[in-house]
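J.: here is a sequence with its predicted model. Questions after.
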Amino acid sequence: MDEEVFRLLARGDIEECRALVHASRDVRPRLAFDKDWGGPVSVHADGSVFALRLLPGLDEEPRPDSAR
């Protein structure tokens, strides 16, 4: 993830982040795995960001339907 985008999100500057992402949407990847974040990050053309990752400790218990 772009450091400037992350810094703005961490500060809570959502509108400024949205404007930055919107202005550079043609040069940003649409979907990538961010190893620093620990999961997939998707930046949409409208400036919205969707990112997923497992929280620490949540993957310790096996699910009933999984074979570990």
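T.: Perfect, I can see it now.
J.: residues making contact with the lowest-mean-pLDDT helix or strand in the chain?
T.: When the helices and strands of the chain are scored by mean pLDDT, DSSP states H and E, strand 31-34 comes last with a mean of 79. For strand 31-34, contacts defined as Cβ atoms under 8 Å, 6 or more residues apart in numbering pick out Met1, Gly39, Pro40, Val41, Ser42, Val43, Ala51. Placement of C-beta: from N, CA and C, glycine included.
J.: mind listing the strands the helix or strand following it pairs with, and their directions?
T.: As assigned by DSSP states H and E, the chain's next helix or strand after strand 31-34 is strand 39-43. Note on strand 39-43: by DSSP bridges, its sheet partners are strand 31-34 (antiparallel), strand 49-51 (antiparallel).
J.: for Arg25, find the nearest of the ones you listed.
T.: strand 49-51 (11.3 Å; Cβ to Cβ).
J.: buried residues in the closest one?
T.: By 16 or more other Cβ atoms under 10 Å, the buried positions in strand 49-51 come out as Val49.
J.: buried among the contacts of strand 31-34? Need that as a selection in PyMOL.
T.: To isolate the buried ones among the contacts of strand 31-34 in PyMOL, judged by 16+ other Cβ under 10 Å, type:
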select buried, resi 41+43
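J.: got a markdown table for the contacts of strand 31-34, with pLDDT and distance to Ser24 too?
T.: As requested, those are exported to a markdown table (pLDDT from 0 to 100; distance: Cβ to Cβ, whole Å):
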| residue | pLDDT | distance to Ser24 |
| --- | --- | --- |
| Met1 | 55 | 13 |
| Gly39 | 87 | 22 |
| Pro40 | 86 | 19 |
| Val41 | 86 | 15 |
| Ser42 | 84 | 15 |
| Val43 | 79 | 9 |
| Ala51 | 88 | 17 |
